[in-house]
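> Requesting a structural model of the entry that follows:
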Amino acid sequence: MTLFTAPDFDGHERVIFVTDAATGLRAIVAIHNTSLGPALGGCRMWSYAHEADAIADALRLSRAMTYKAALAGLALGGGKSVILGDPARHKSPELFRAFGRAVDALGGRYIVAEDVGTTVEDMDAVRTQTSHVGGISAGVGDPSPKTAAGVLIAMKAAWRHMTGSDCMDGVRVAIQGLGHVGASLARMLSVEGARLVVSDIDTDRAQSVAVETGATRASPDAIHRADADIFAPCAMGAGLDDATIPELRVRLVCGAANNQLAKARHGEALRARGVVYVPDYLANAGGLIEVARTALGYDAAEADARRARIADTVGEILARAEREGRATSDIADRIAEERFARA
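Residues are numbered from 1 along each chain as shown. You can find the predicted model right below:
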């Protein structure tokens, strides 16, 4: 794989490969754009089938963080890191301390936080080596519930735009993925009275959340075909593609997963199907807004106010997409690009 001609390379400012023989650390840090400020983005630990998959993930995720920060009105850029390894078997405090030293060597250009496969405790280990870390136990902690809260705000705003009401009582929502964010979203929607269908590759977790929320279960490979009003992807990305989009039976897609569109053209494919799509990096910005409190120096009340404004942005993008006859993903990209290009 050649980096500069890779399909997901988008003028990234820096892509750093990190190794540490003593701990077995193999990691990639991708910094996409720092026009608005230092790059902030989580560290994902995953057992990738191929190294090329890890590089592609880092490139795609870091680009999405640039757009997410810009659309959220934050003075931050976009970055992401991935650690190659099974989080159930290959973690150690020493490994994360080694990773922390690599982050520190970037001199504040990149601020790391937790992500899929990493935890607050892992970030605490990173914190022993660098101050350029968020989501630690002595700070805002796990931002996952705030991510879920932002998704719910976006979902209700979109539903209000479509139906005239943001009441979720009786609305059928299919949730794909029940990690920290997906499970939190399920609990919030259950309180709102939504009728849930849930799935996760961890069948015990799926059963536990189903019992807790009164949801029915679907298999992971069938959840996108659920007979529902809303589909909420909260697992890994690239799930909306040529195969799954024609099988959707929903009116709205709004979830927490990053990079939900396998290709940029799939935003238009959703529009052609008559499915409203809330761009992922808009819907899932709640966690970034929370972690950014440390970097940007605002309090919990201001973070809540910034999350509430997600609803305004959803309304603006959906209305503009209708007026212009364009995909919501294209509209969101243009707005974000205008913001960081000006900087």
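
> How about residue 43: which residues does it bridge to?
According to DSSP bridges, the partner residues bridging residue 43 are residue 81, residue 114.

> And it, how far from residue 135?
Taking Cβ to Cβ, to the nearest Å as the measure, residue 43 and residue 135 are separated by 10 Å. Using the backbone N, CA and C atoms, a C-beta is placed for each residue, glycine as well.

> which of the two has more neighbours?
Neighbour totals were compared for residue 43 and residue 135, and residue 135 leads with 29 against 26 (other Cβ atoms under 10 Å).

> Run through the residues that contact that one.
Contact partners of residue 135, counting by Cβ atoms under 8 Å, 6 or more residues apart in numbering, are 42, 113-114, 120, 123, 141-143, 291.

> if you set the cut-off to 6 Å instead, what comes out?
113-114, 123, 143, 291 (Cβ atoms under 6 Å, 6 or more residues apart in numbering).

> Quick check: phi and psi at it.
In this entry, residue 135 is assigned phi and psi values of phi 70, psi 30 (degrees, to the nearest 10).

> Equivalent analysis for residue 110, please.
Residue 110 adopts backbone torsions of phi -130, psi 130, taken as degrees, to the nearest 10.

> What of residue 180?
Note on residue 180: backbone dihedrals following degrees, to the nearest 10 are phi -60, psi -40.

> and it, how many neighbours?
The local packing of residue 180 (other Cβ under 10 Å) involves 19 other residues.

> measure it to residue 293 for me?
In this view, residue 180 and residue 293 are 18 Å apart by Cβ to Cβ.

> So which bits of stretch 295-312 are buried?
295-296, 303, 306-307, 310-311 (16 or more other Cβ atoms under 10 Å).

> which residues touch that stretch?
When contacts are defined by Cβ under 6 Å, 6+ apart, stretch 295-312 is touched by residues 111, 150, 153-154, 157, 286, 289-290, 293.

> Measure how far that stretch is from the centre of its chain, please.
In terms of Cα atoms, centre = their mean, to the nearest Å, the gap separating the centre of stretch 295-312 from the centre of its chain is 17 Å.

> Please apply the same query to stretch 257-266.
12 Å.

> Roughly how far does the residue nearest in space to the middle of the chain sit from residue 121?
Here the mean C-alpha position of the chain is nearest to the C-alpha of residue 258 (Cα atoms, centre = their mean), at a distance of 3.8 Å. Here the criterion is Cβ to Cβ. By it, residue 258 lies 22 Å from residue 121.

> Could you count how many residues lie near residue 210?
Counted with other Cβ under 10 Å, the burial measure for residue 210 works out to 20 neighbours.

> Surely it is in a helix?
Yes: with DSSP: H, G, I helix; E, B strand; the rest coil as the criterion, residue 210 is located in a helix.

> any idea of the pLDDT on the residue nearest to it when sequence neighbours are not counted?
Among residues not flanking residue 210 along the chain, residue 217 sits closest, at 5.1 Å (Cβ to Cβ, 6 or more residues apart in numbering). Confidence at residue 217, expressed as pLDDT, is 98.

> partner residues bridging residue 217?
For residue 217, the residues forming beta bridges with it (DSSP bridges) are residue 198.

> just to revisit the earlier point, name the nearest residue to the residue nearest to the centre of the chain, ignoring sequence neighbours.
Closest to residue 258 by Cβ to Cβ, 6+ apart is residue 237, at 5.0 Å.

> what ranges do the strands span in this protein?
With strands called from DSSP state E, the chain shows them at 14-20, 25-33, 39-46, 77-84, 110-114, 172-176, 195-199, 216-217, 230-233, 252-253, 276-277.

> From the buried residues of stretch 295-312, pick the one nearest residue 163.
Nearest to residue 163 among the buried residues of stretch 295-312, counting by Cβ to Cβ, is residue 311 at 14.7 Å.

> how close does that closest one sit to residue 83?
Distance check for residue 311 against residue 83: by Cβ to Cβ, it reads 35 Å.

> repeat for residue 316
Taken as Cβ to Cβ, the spacing of residue 316 relative to residue 83 amounts to 37 Å.

> what about those two, which has more around it?
Taking residue 316 and residue 83 together and counting by other Cβ under 10 Å, residue 83 has the greater number of neighbours (27 against 14).
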